[in-house]
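>>> Structure for the following, please:
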Amino acid sequence: MANVYATGKRKTSVAKVWLKPGSGKMTINGMGLDEWLGGHEAIKRKVMQPLLLTKQEASVDIVAQTLGGGYSAQADALKHGISKALVAYDEEFRKILKPHGLLTRDSRVVERKKYGKHKARRSPQFSKR
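Residues are numbered from 1 along each chain as shown. Next comes the predicted model:
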């Protein structure tokens, strides 16, 4: 099978993911997963979830580039991109990933600030005087 490309998104983060048959090497922004995320074990597990569910952690190589947002949103975007790439790689993986909600884009984004408010919804403190 040839290289597969997919895009994952979350909040303002975007992850471009290239997946190809290989030995399980993962490169994100030119770094390994451990180097990219440091000591955030829970977030590393979140990124690896689609690979573990489809049992592909040792049979595909992933090269990814993440942009925008913080590391947690980038990790969610990466998880979404990997899931979409796996489905493009083999349509059978859809049955495994879909029930876990890994193919659905989490569309929640920060609400904009409105004039006359301190934040999006926080109003100034009321005073009778």
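>>> contacting residues for the spatially most central residue of the chain?
Central residue of the chain (C-alpha atoms, centre = their mean): A77, 2.1 Å from the mean position. A77 is in contact with G8, K9, R10, K11, S13, V14, A15, T66, G69, counting by C-beta atoms under 8 Å, 6 or more residues apart in numbering. Where you see a C-beta, it was placed from the backbone N, CA and C, and this is true even at glycine.
>>> Doesn't it lie inside a strand?
No. A77: not assigned to a strand; according to DSSP: H, G, I helix; E, B strand; the rest coil it is helix.
>>> What confidence value was assigned to it?
The model reports A77 with a pLDDT of 96.
>>> returning to what we had before: export the contacts of A77 to TSV and tack on distance to K84, neighbour count and secondary structure?
TSV is the format used below for these (distance: C-beta to C-beta, whole Å; neighbours: other C-beta atoms under 10 Å; DSSP: H, G, I helix; E, B strand; the rest coil):
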residue	distance to K84	neighbour count	secondary structure
G8	6	25	strand
K9	10	20	strand
R10	12	24	strand
K11	17	18	coil
S13	15	21	strand
V14	12	20	strand
A15	10	30	strand
T66	15	21	strand
G69	18	18	coil
